[in-house]
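Trainee: got a sequence here, can you model it:
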Amino acid sequence: MYVYRQVVIRMWGGIYMINSVLDVQRLLRRYGIIVYTGKRANDLVWMEEELKELYRANLLQAEDFQRALLILQKEKGSFME
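Mentor: Numbering: from 1, shown residues only. Modelled structure (predicted):
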């Protein structure tokens with residue numbers, strides 16, 4: 001399968017595209033991780049930390065991890081302006 005400018009995540013037989021922060025939240029939810037602190041900036045930081053932990057545990061592929069991390073960092077940059 002060829003996907004242009006999108007990362008495809010394969011887990012449990014499904015295919016999920018990561019394009020937004022909502023998609024990153026859905027990815028984390030698949031692992032039972034729900035992040036909500038009441039402040040968007042704090043949520044983004046915690047989601048980034050949880051992604052790093054999943055990657056360290058070899059539950060995410062490198063390109064999936066990089067794409068999700070890029071989306072969170074971009075959102076943090078636009079949110080902080």
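Trainee: what strand or helix carries the spatially most central residue of the chain?
Mentor: When CA atoms, centre = their mean is applied to the chain, the residue found nearest the centroid is V24 (3.2 Å). For V24, the element it lies in under DSSP states H and E is helix 21-30.
Trainee: and for M17?
Mentor: Going by DSSP H and E, M17 is part of strand 14-18.
Trainee: for this protein, name the helix or strand with the lowest mean pLDDT.
Mentor: Ranked by mean pLDDT, DSSP states H and E, the weakest helix or strand in the chain is strand 7-11, scoring a mean of 49.
Trainee: SS state for the closest residue to S20 other than its chain neighbours?
Mentor: Once flanking residues are discounted, S20 sits nearest to I71: 6.7 Å by CB to CB, 6 or more residues apart in numbering. All C-beta atoms are positioned from the backbone trio N, CA, C, and that covers glycine. Secondary structure, DSSP: H, G, I helix; E, B strand; the rest coil: I71 is helix.
Trainee: quick one: neighbours of the closest residue to L72 other than its chain neighbours, just the number.
Mentor: Computed as CB to CB, 6+ apart, the closest residue to L72 that is not its neighbour in sequence is E48, at 5.0 Å. When neighbours are defined as other CB atoms under 10 Å, E48 has 18 of them.
Trainee: what does F65 give?
Mentor: The number of residues packed around F65, counting by other CB under 10 Å, is 20.
Trainee: so who does it touch?
Mentor: Neighbouring residues of F65 by CB atoms under 8 Å, 6 or more residues apart in numbering: 51-52, 54-55.
Trainee: A41 now?
Mentor: Counting by CB under 8 Å, 6+ apart, A41 touches 76, 79-80.
Trainee: which intervals of the protein have sub-threshold pLDDT?
Mentor: The chain contains residues with pLDDT under 70 at 1-16, 81.
Trainee: repeat the analysis, applying 90 as the threshold.
Mentor: Along the chain, segments meeting pLDDT under 90 span 1-18, 61-64, 78-81.
Trainee: about what we covered before: list the contacts of the residue nearest to the centre of the chain.
Mentor: The neighbours of V24, taking CB under 8 Å, 6+ apart as the test, are 18, 47, 51, 68, 71-72.
Trainee: what's the answer for L70, then?
Mentor: Counting by CB under 8 Å, 6+ apart, L70 has no contacts.
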